[in-house]
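let me see the structure of the following:
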Amino acid sequence: MFTLRDEILKYCLDFYGTQPDYPWDDEPDYAVLRHAKNKKWYGLIMRIPRSRIGFEDDEPVDVLNVKCDEPALGSLLKRDGCHPAYHMSKAHWLTVRLDGSVPAEEIKSILGMSYELTVRRK
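Residues are numbered from 1 along each chain as shown. Modelled structure (predicted):
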């Protein structure tokens, strides 16, 4: 079954040339999305219990952490499917559920913002 997680990983490979990195042996589902040249993270896909992003249950959910500028962060946090960053700076990162609550095209747009924010500037 092709999931939204799979779609996002394929998009990152096709559009940005990013092969995901799986750096933690104890968390094999955690995929880091890095720039090829500067190695900065622009995304992190994880499978976490929903309770870690404010729900009452521990049902696992795939999420994507992305870097976000302040104005966009404020407006994105008002919508369903977007949460204060799990396990990252809540001032600069956003967690997006990969459960269909945010359409794939919007997630790709948010990923584009994160990619641009993490490019090393001259």
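
quick check: next helix or strand after the helix or strand containing H83?
Using DSSP states H and E, H83 maps to strand 82-84. Going down the chain from strand 82-84, the next helix or strand is strand 93-97, by DSSP H and E.

rounded mean pLDDT for the following helix or strand past that next one, please.
Once strand 93-97 ends, the next helix or strand along the chain (criterion: DSSP H and E) is helix 104-117. The average pLDDT for helix 104-117 rounds to 97.

and the residue positioned nearest the centre of the chain, bridged to which residues?
Closest to where the C-alpha atoms of the chain average out (Cα atoms, centre = their mean) is L64, at 2.3 Å. For L64, the beta-bridge partners are I45, V96 (DSSP bridges).

where does E56 land on pLDDT?
Confidence at E56, expressed as pLDDT, is 96.

an error on my part: the question was meant for K122.
54.

quick check, P49 in contact with D62.
No - using Cβ atoms under 8 Å as the test, P49 is too far from D62 to be in contact (11.7 Å). C-beta here means a position set from N, CA and C on the backbone, and glycine is covered the same way.

more neighbours: which of the two?
D62 (19 against 12; other Cβ atoms under 10 Å).

and the pLDDT for the nearest residue to the more buried one once chain neighbours are set aside?
Nearest in space to D62, with sequence neighbours left out and distances taken as Cβ to Cβ, 6 or more residues apart in numbering, is L98 at 4.0 Å. With respect to pLDDT, L98 scores 98.

contacts only, for L98.
Residues counted as contacts of L98 (Cβ atoms under 8 Å, 6 or more residues apart in numbering) are 3-5, 8, 45, 61-64, 107.

and the contacts of the lowest-mean-pLDDT helix or strand in the chain?
Scoring the helices and strands of the chain by mean pLDDT, DSSP states H and E places helix 70-76 at the bottom, with a mean of 92. Residues outside helix 70-76 that contact it (Cβ under 8 Å, 6+ apart): 68, 82, 91-92, 94, 110, 113.

all set, thanks.
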